[in-house]
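Trainee: Pasting a predicted model and its sequence here:
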Amino acid sequence: MSVFYKELALKQPKAEGRRWIFVPYDQLTDTVGPLSREDPKSLGIVLVENTWKGGRRPYHKQKLALILTNMRHFALEQAERGIAVRHIVTNGPYHTALSPLIPQLGTLRVMVPAERELREDLLKLSRSGGLDFIPHEGWLTTPSQFYESTGKTPPWKMERFYRRVRTETGILMKDGKPIGGKFNYDVENRLPWHGVPPAPDPPAFKVDNIKAEVGRLINKHFSNHPGDLNLKMLPSTRNDAHSLWQWAKDACLYHFGPYEDAMSRASRNLFHSRISALLNIFRLNPNDIVQDVLEMDIPLAGKEGFVRQILGWREFVYHVHTTTDGFRSIENEASPVAKWPGDGGYNTWSEKKWPSGKTDRVLNGGASPSFLGNEFPIPPVYWGEPSGLACLDHVVKTVWEDAYSHHITRLMVLSNLATLLDIRPRELTDWFWIAYADAYDWVVEPNVLGMGTFSLGDLMTTKPYVSGAAYIDRMGDYCEGCSFNPKKNCPITPLYWAFLSRHQAALAKNPRLRMPMASLRKRKSQRRTQDRKVFNHVQDVLSKGGVLTPDNLP
């Protein structure tokens, strides 16, 4: 018997006479829902470890370990409260694992899953009466707040939604007006970081017997998955989650605001809290996090910026995703949908076909919009092959080591370069879903399809978030370790101009691109020809896994 099952058996109460709840992998909380208010001695929970789910895509080993260790510790924590636990292991869709339990346990309650993929899996059980969907109480806002602030049809703007929620809740408000006079202090939070104040190192966590056992399981059953497995950096218990948040409050949040858009080789983390993966499985309660930050004595611009990420953007993307059925239906028009789950370029990089593929007949691979028509496959650099671009190589390396990087490197390095190269938006989305510990469909699809690649047009963002080398040089220190000079020969700048030129027809009427488009029209024809040559050369070299150098640029 495994270490986990031995510990669970010691804590397990009698199971008779219980009302049973199915707890998905991303609802590991007893701070909301029935577990927060009903008598523990009257409840039982069902937890499912699913190798089928883990194998649908080549998920980062660290991501798999984070989920499994937290599920197991959550089971033990609930057993200690007096809640009966049914823990099962399966290798198939969730509805096939839960169906045999219903005659034994009765109808299972479950808070509506955040992930569309899981909701679709469970629909059959819900329709048959075996599963009762109840509201998910972990969200801070309602669909009506979304609709009434942004309208029922796109384009949708986060700022309208955020202001409505702030006004209704009174968060960072006084006498009906925003504290400090502004709703948004984003312009004050754009400083580069030059080493002062010193950035803290993220905390490590004890490798207990449960975590060690999960590590062995990952290495045995998911050995073909990419990424480093570092058990010391995995928060897995309730105490670990609170310790990470305490570290963030003590060491990060005072300086978070000014440097939230900074990038550095010297610190992967800078002053970011690193709590997103725990928030998205509800190991930390978003409401508690917001309330804690409101009570902190930190600069207003940083406080507002942090609150906006959770109360504003996080809630906004969830509503956009659910409203559009995962972007499958936009204004009553069907979006193209991938037939099978994508591997994010794993096959191209490894020359090995990911095994899940067409054996999965339950769920498709997700919406595949492409407003700009981008069709370039994701190159091997995103799987760790060197490209010669120091910014891209460094960030990719950190992602495969940590299953994490902060938001600005995701947007202005990984997504920016992918967009400039015309990489397929769905393929990049699958790559993010695979590589990041905090990525689920409701998170990753809006952020990559909507914001990172502009593949949804102006549905939820007002412009493509692209830049040349100057921005990356201004906001980070990656250029200092690169063979290219950002002011002289870095290919990212001609890639930027080539992008605007290629997509001029689609972007010409975008009001936020008037100045760049005006500059493009003034750019000499020989420069524009050279931009196209650089674009074609970079695509060709990177598609073959080659390394760019100043000498081999056209």
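Mentor: Structure's in. What do you need? Numbers count the residues shown, from 1 in each chain.

Trainee: what's the pLDDT at Ala79?
Mentor: Per-residue confidence (pLDDT) for Ala79: 98.

Trainee: roughly how far is the helix or strand harbouring it from the heart of the chain?
Mentor: Ala79 is part of helix 61-80, with elements assigned from DSSP states H and E. The chain centroid and the centroid of helix 61-80 are separated by 19 Å under C-alpha atoms, centre = their mean, to the nearest Å.

Trainee: what do you get for stretch 141-157?
Mentor: Centroid separation for stretch 141-157 versus its chain: 22 Å, with C-alpha atoms, centre = their mean.

Trainee: And that stretch, end to end?
Mentor: Stretch 141-157 has an end-to-end distance of 15 Å (C-alpha to C-alpha, to the nearest Å).

Trainee: same deal with stretch 330-343?
Mentor: First-to-last distance for stretch 330-343 - C-alpha to C-alpha - comes to 25 Å.

Trainee: Contacts for that stretch next, please.
Mentor: For stretch 330-343, contacts defined as C-beta atoms under 8 Å, 6 or more residues apart in numbering pick out 56-58, 153-154, 324, 327-329, 354, 356-358, 360, 363-369, 426-427, 429-430, 434, 456, 459. (C-beta placed from N, C-alpha, C; glycine too.)

Trainee: contacting residues for the residue lying closest to Ala338 once chain neighbours are set aside?
Mentor: Among residues not flanking Ala338 along the chain, Gly365 sits closest, at 3.2 Å (C-beta to C-beta, 6 or more residues apart in numbering). Applying C-beta under 8 Å, 6+ apart to Gly365 gives the contacts Val337, Ala338, Lys339, Trp340, Pro341, Gly342, Arg426, Asp430.

Trainee: Looking at the last one now. What's its pLDDT?
Mentor: Spelled out, it's Asp430. As predicted, Asp430 sits at a pLDDT of 98.

Trainee: just checking, it touches Arg57?
Mentor: Yes - the criterion here is C-beta atoms under 8 Å, and Asp430 meets it with Arg57 at 6.6 Å.

Trainee: Of the two, which one has the most company?
Mentor: Shown here are Asp430 and Arg57; by other C-beta atoms under 10 Å, Asp430 has more neighbours (27 against 21).

Trainee: Validate this expectation: the more buried one resides in a strand.
Mentor: No - assigned with DSSP: H, G, I helix; E, B strand; the rest coil, Asp430 falls outside any strand and is helix.

Trainee: Excluding chain neighbours, what is closest to it?
Mentor: In space, and not counting its chain neighbours, Asp430 is closest to Gly342: 3.5 Å by C-beta to C-beta, 6+ apart.

Trainee: Next one, pLDDT for the one you found please.
Mentor: pLDDT recorded at Gly342 is 93.

Trainee: try Asp292
Mentor: pLDDT, Asp292: 98.

Trainee: Can you tell me the element it falls in?
Mentor: Asp292 belongs to helix 286-294 when assigned by DSSP H and E.

Trainee: Can you give the distance from the next helix or strand after that helix to the centre of its chain?
Mentor: Once the chain leaves helix 286-294, the next helix or strand it forms, by DSSP H and E, is helix 300-307. How far helix 300-307 lies from its chain's middle: 21 Å, per C-alpha atoms, centre = their mean.

Trainee: Any chance you could list what contacts helix 300-307?
Mentor: With contacts defined as C-beta under 8 Å, 6+ apart, helix 300-307 is touched by 171-172, 179-180, 183-186, 188-189, 253-258, 260, 273, 290, 293-294, 296.

Trainee: Just these: which are in helices?
Mentor: Counted as lying in helices by DSSP state H, out of these, are Leu253, Tyr254, His255, Phe256, Val290, Val293, Leu294.

Trainee: my read: the fifth one touches Gly312, true?
Mentor: Spelled out, it's Val290. No - in this structure Val290 lies outside contact range of Gly312 using C-beta under 8 Å: 10.6 Å.

Trainee: Comparing the two, which shows the higher neighbour count?
Mentor: Applying other C-beta under 10 Å to Val290 and Gly312 shows that Gly312 carries more neighbours, namely 23 against 18.

Trainee: Can you tell me the closest non-neighbouring residue to Leu507?
Mentor: Closest to Leu507 by C-beta to C-beta, 6+ apart is Leu513, at 5.4 Å.

Trainee: and that neighbour, that's in a helix?
Mentor: Yes - assigned with three-state DSSP, Leu513 falls within a helix.

Trainee: Now do it: how many residues are near it, please.
Mentor: As a burial measure, Leu513 scores 19 neighbours (other C-beta under 10 Å).

Trainee: what do you get for the one 3 residues further on?
Mentor: The burial metric for Pro516, expressed as a neighbour count using other C-beta under 10 Å, is 20.

Trainee: for this protein, what spans make up the strands?
Mentor: Taking DSSP state E as the test, the strands found in the chain are 19-22, 43-50, 84-90, 108-111, 131-134, 173-174, 177-178, 329-330, 333-334, 337-338, 366-367.

Trainee: Next, give phi and psi for Leu270.
Mentor: phi 50, psi -120 (degrees, to the nearest 10).

Trainee: count of neighbours near it?
Mentor: When neighbours are defined as other C-beta under 10 Å, Leu270 has 20 of them.

Trainee: Once you drop chain neighbours, what's closest to it?
Mentor: Ala199 (5.0 Å).

Trainee: try Thr348
Mentor: Nearest non-adjacent residue to Thr348, counting by C-beta to C-beta, 6+ apart: Pro377, 5.7 Å away.

Trainee: can you give me the helices for the stretch 401-550 of the chain?
Mentor: Counting by DSSP state H, counting those that start in this stretch, the stretch 401-550 of the chain has helices at residues 407-409, 416-420, 425-435, 441-444, 469-475, 492-502, 504-507, 514-522, 525-543.

Trainee: mind putting those in TSV, distance to Leu278 included?
Mentor: Formatted as TSV, those follow (distance: least, C-beta to C-beta, whole Å):
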stretch	distance to Leu278
helix 407-409	16
helix 416-420	27
helix 425-435	18
helix 441-444	13
helix 469-475	27
helix 492-502	34
helix 504-507	38
helix 514-522	38
helix 525-543	34
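
Trainee: quick one: terminal-to-terminal distance for stretch 188-200?
Mentor: Stretch 188-200 has an end-to-end distance of 22 Å (C-alpha to C-alpha).

Trainee: Next, the buried residues of that stretch.
Mentor: With burial defined by 16 or more other C-beta atoms under 10 Å, the residues of stretch 188-200 counted as buried are Glu188, Asn189, Trp193, Ala199, Pro200.

Trainee: got a list of contacts for stretch 205-222?
Mentor: The contact list for stretch 205-222 (C-beta under 8 Å, 6+ apart) reads 2-4, 7, 51, 54-55, 59, 61, 64-65, 68-69, 72-73, 76, 225, 229, 231-237, 240, 243.
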